[in-house]
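K.L.:
Build me a model:
(one chain, ligands or ions: 1)
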Amino acid sequence: MLADRRILLIIGGGIAAYKSLSLIRLLKGAGAAVTPVLTKAGAEFVTALSVGALAGEKVHSALFDLTAEAEMGHIELSRSADLIVVAPATADLMARMATGQADDLASTLLLATDTPVLLAPAMNVRMWQHAATQRNLATLRGDGIRFVGPDDGAMACGEFGPGRMAEPEAIFAAIASAFEAGPLQGRHVLVTSGPTHEPIDPVRFIANRSSGAQGTAIAAALRDLGARVTFVTGPAEVAPPQGVAVVRVETAVQMLAAVSAALPADAAVMAAAVADWRVLNASGSKMKKDGSGQAPALQFVENPDILASVSKGHTRPRLVVGFAAETDDVLANARAKRLRKGCDWIVANDVSPETGIMGGAENAVTLIRAEGEEVWPRMAKDDVARRLALCIADALKDE
Ligand code: C5P
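P.N.:
From the prediction side, this is the model:
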């Protein structure tokens, strides 16, 4: 599987850098070529001599290396690889990647590349658990970066907890699986996400509190399993993931048109919080107070139900998944919704303000299918997304 693959291995500055030497041996043993890049901090922990000797190749370290620029520029260096692996990936390197900095060779390569990237983080437990690192982790995951580890355990700094770099064998296995076709390879999945905005006049609109976080995480998780994803999103707070076809819309009517244009698909996941009504008498110019104290009378008309029309349409995807965000009688409402809308599965969740789910990082859902219901424990929206993507891959695998 790894024979003739070229791995660009970036070794960051951390005590775990010594494990990268074993990783190079494993990769070379499997027939892969390894192009090593040693950061300035990495060179404090392992020498260019040992890295170069094991890889059997020149070790790159400086951004402005005139010979390298003449022979092969840094852009070329990143593009010639089949996979970029960063091991150890320090908190600092993750932060610089998340903000798109390019102030040394490693960060420049990572910004200049369109090659898949796998990170093996290694840092002190408090640094890993810090809100800033967790924020960077979420950003990088959203950008399509893969991760292996970190592991839990005793650390060189004397503390205990998550932050130890994954063992070389585990990183090697993650590298090998990056070259395997995902279970959704060749499948097209449509995902809707975010709120819709329904205009009242050119400057005002009706909206809801959906951040788009769950739909975005689902699109990223489906992409990671190899699916071709069309992501139709309303004006969400969260940026759309990389590596998916993004269609931006504002209103429910536009969302329906974009969804219809994206079909056929093998599956559709409708996570958007679509406004139920739009303003029928929306004004073409900004409404003004006329001094009479009379509020304008807005008339509403029901929006098309996108989920129901996809579920009942001619080009129905084989699997249609809807969401039921409820504040009362969550399960009873969600079960009724599955039947009324004609979708196969409903992901039900309680969005009462005290749950902190709407706009938050976590979700607690029940997956409702014809064959039964599964209550999932409260977990990160990214984890809900990965679990749902695996269920979708499983449901599509037979045909
Ligand atoms: O009816 P309700 O909004 O509670 O249903 C939620 C589910 O229906 C979600 O999957 C949502 O994306 C979808 N929906 C839709 N079009 C609408 C309203 C909801 O696709 N107009």
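K.L.:
hmm, who's touching the helix ranked longest in the chain?
P.N.:
Selection of the longest helix in the chain by residue count, based on DSSP state H, yields helix 381-396. Helix 381-396 is contacted from outside by 138, 141, 182-184, 187, 189, 213-214, 217-218, 220-222, 224-225, 266-267, 269, 318-319, 321, 344-345, 347, 361-363, 365, 367, 376, 379, using Cβ atoms under 8 Å, 6 or more residues apart in numbering. C-beta coordinates here come from the backbone N, C-alpha and C atoms, glycine included.
K.L.:
Sitting in strands, which of the residues you listed do you find?
P.N.:
Using DSSP state E, the members of those that fall in strands are Val189, Ala267, Val269, Leu319, Val321, Trp345, Val347, Glu362, Asn363, Val365, Leu367, Met379.
K.L.:
Most neighbours among the residues you listed, which one?
P.N.:
Val269 (31 neighbours; other Cβ atoms under 10 Å).
K.L.:
these two touch, right, Val320 and Ser309?
P.N.:
No: assessed by Cβ atoms under 8 Å, Val320 is found out of contact with Ser309, at 10.6 Å.
K.L.:
Pull out the buried positions in stretch 206-215.
P.N.:
Neighbour counts using 16 or more other Cβ atoms under 10 Å place Ile206, Ala207, Asn208, Ser210, Ser211, Gly212, Ala213, Gln214, Gly215 of stretch 206-215 among the buried residues.
K.L.:
Could you export that stretch as PDB, CA atoms only?
P.N.:
Provided in PDB are the C-alpha atoms of stretch 206-215 (Å, rounded to 0.1, in the frame of the first residue of the first chain):
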ATOM      1  CA  ILE A 206     -36.200  37.000  10.000                       C
ATOM      2  CA  ALA A 207     -33.600  34.400  11.100                       C
ATOM      3  CA  ASN A 208     -32.900  31.800  13.800                       C
ATOM      4  CA  ARG A 209     -30.100  30.900  16.100                       C
ATOM      5  CA  SER A 210     -28.600  28.000  14.100                       C
ATOM      6  CA  SER A 211     -24.800  28.400  13.800                       C
ATOM      7  CA  GLY A 212     -24.300  25.800  11.100                       C
ATOM      8  CA  ALA A 213     -21.800  23.900  13.400                       C
ATOM      9  CA  GLN A 214     -23.500  20.500  13.200                       C
ATOM     10  CA  GLY A 215     -24.200  20.600   9.500                       C
END
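K.L.:
who's in contact with Leu118?
P.N.:
Leu83, Ile84, Val85, Val86, Ile145, Arg146, Phe147, Val148, Ile171, Ala174, Ile175, Ala178 are the contacts of Leu118 under Cβ under 8 Å, 6+ apart.
K.L.:
Listing partners with orientation, what would you give for the helix or strand containing it?
P.N.:
In the assignment (DSSP states H and E), Leu118 maps to strand 117-121. Strand 117-121 pairs in its sheet with strand 83-89 (parallel), strand 146-147 (parallel), by DSSP bridges.
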